[in-house]
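Novice: Here is the input, now give the coordinates:
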Amino acid sequence: MTSKEKKLMLLSGSKPKWSVVFNGTSTAIDAGTEASVDDLHDGAMTIEAWASINAPNEAAIYIASKAGEGAGWSLLYGYNWFTCNIYCATTNATLSVFLEADGKYHHYAITFDDAGDRKVRLFVDGSLIGTSDAGVGAVVSDAAYSLYLGTFRNLAYFLGGSFGWCRISNSIRYTADFTPPLRFAYPAVDANTVRLFKMNEGKGTAIIDYSANAQNATLANGTWVKE
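Specialist: Next up, the predicted model:
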């Protein structure tokens, strides 16, 4: 950005808008493990993000996960299917929805309530497009595993695409069709926000957590893009 562009932004009161580009082979955001984000699926949870997905039909990639083998939860995309798994002792709550990756930004939101009907729901751009069968048996703890964006616990199955922002909540944010928070008008932090990554740093490897928990994440091999 030139000094003239910076001056114009200051005069207009606007700020540069950033996103993180994932290269599909090694980019990952490691958000660690900590009490406020551990075992969210043992209560109510909403995982939401503005993201783009660039994936060939024969690719399996993880969008977000806090999971081990048969433990925790994961969101993945592959073979034109968007899949969410909530791992349970007897039968997982698994949602699989046919969804073509168009490489454009969309607002994705997943909800699950262990004390409710124990079904996963997927909203895309504010529209409910899929509901799973109910999970059976106690959820399997994810406390031993880190939260990742763009990959899985063993650093495999990497996302090709971009993240605008990501919010994780210990509540059900959406129960019916809704108008999503805007991509560059970041949602407010409230008592149910356990992580809010705005992805607006524009440089470096630290991804700031704007929630009250202040648990920053670490970016590896990503590219910052101003939009």
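
Novice: Residue 182: how many residues sit nearby?
Specialist: Residues within reach of residue 182, counting by other C-beta atoms under 10 Å, total 12. Every C-beta, even on glycine, is put in place using the N, C-alpha and C of the backbone.

Novice: Can you identify each of the helices in the chain by residue range?
Specialist: Per DSSP state H, the chain has helices spanning 3-12. These are given in chain order.

Novice: low-scoring pLDDT stretches of it, where are they?
Specialist: Counting by pLDDT under 70, the chain has low-confidence residues at 1-15, 56-58.

Novice: if we go to 50?
Specialist: Per-residue confidence for the chain (pLDDT under 50) gives these ranges: 1, 4-13.

Novice: next one: stretch 194-211 to chain centre, how far?
Specialist: For stretch 194-211, the gap between its own C-alpha mean and the chain's C-alpha mean amounts to 13 Å (C-alpha atoms, centre = their mean, to the nearest Å).

Novice: so how far is the first residue of it from its last?
Specialist: The first and last residues of stretch 194-211 sit 6 Å apart, counting by C-alpha to C-alpha, to the nearest Å.

Novice: Ok, stretch 88-101 next?
Specialist: Using C-alpha to C-alpha, the span of stretch 88-101 from its first residue to its last is 28 Å.

Novice: how about that stretch: buried residues?
Specialist: When burial is assessed from 16 or more other C-beta atoms under 10 Å, stretch 88-101 yields the following buried residues: 88, 92, 93, 95, 96, 99, 101.

Novice: and of these, the nearest to residue 174?
Specialist: Closest approach to residue 174 among the buried residues of stretch 88-101 (C-beta to C-beta): residue 95, at 14.4 Å.
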